[in-house]
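Sharing a sequence plus its predicted fold:
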Amino acid sequence: MFKEVPKLSKRKNNQLESFVIRKSNKYKKKKPTKSAAILMVIEIIYLWRALPSCSRETLDTMLETLDNASLVLEEQALCRMLKGALHQQMGSKEAAMQNYEDAMAYAVQGCEDPYVAPYSSFELGLLLTEKPATASRGKSLILKSKENYKDFDFENRLNVRVHAALQQLEGID
């Protein structure tokens, strides 16, 4: 199936198609593990901001699946970021923040998905801006997600989210 993906692509400048082609090229020679395949599905759901439309039961199942997944080191940052997003969606903000911080730490160690660090920084920053005591650090992480990372998947999409968040945080230093 992964060998057919590049042939199905219609537009070369489409972010999602480019992303899916890059991911499929990775698995042309070596079939993905079940855990890696599930990780990709949850990743697409996250990137298209569809987690809010998932039921609590589905979110729990995704989280349990990620908790039990056997992944290589390069997949750990993505897994932690996705766990952070799932916890955030379920209202477990402390667990979400810890997972975003872990994702950023794993990304430094080697991550095959360069968008994980800026997205994790942004998501963590958003959570931190909800409390006055941590709002300044949150804003700085949001800015970091835009200024310190370049040329990653869905960069434009994140930049739009950063711009909107910064407009709401204008009074915070």
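Yes, it's here.

pLDDT below threshold where in the chain?
Scanning the chain for pLDDT under 70 picks out 1-13, 171-173.

any chance you could map the helices in it?
5-8, 15-26, 34-47, 56-68, 73-89, 93-109, 116-128, 135-147, 155-168 (DSSP state H).

Pipe those into TSV and attach mean neighbour count per row.
(Glycine included, C-beta is placed from N, CA and C.) Shown next, in TSV, are those (neighbours: other CB atoms under 10 Å):
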stretch	mean neighbour count
helix 5-8	12
helix 15-26	16
helix 34-47	17
helix 56-68	14
helix 73-89	22
helix 93-109	18
helix 116-128	25
helix 135-147	18
helix 155-168	14
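
I'd assumed P32 was in contact with M40.
Yes - here M40 reaches P32: they are 7.2 Å apart, a contact under CB atoms under 8 Å.

separation between L73 and C111?
Remark: distance between L73 and C111 (CB to CB, to the nearest Å) = 9 Å.

Contact partners for the residue nearest to S140 when sequence neighbours are not counted?
Distances taken as CB to CB, 6 or more residues apart in numbering put G125 closest to S140, at 7.4 Å, once the chain neighbours are dropped. Residues in contact with G125 (CB atoms under 8 Å, 6 or more residues apart in numbering) are R137, G138, K139, S140, L141, I142, L143, K144, S145, A165.
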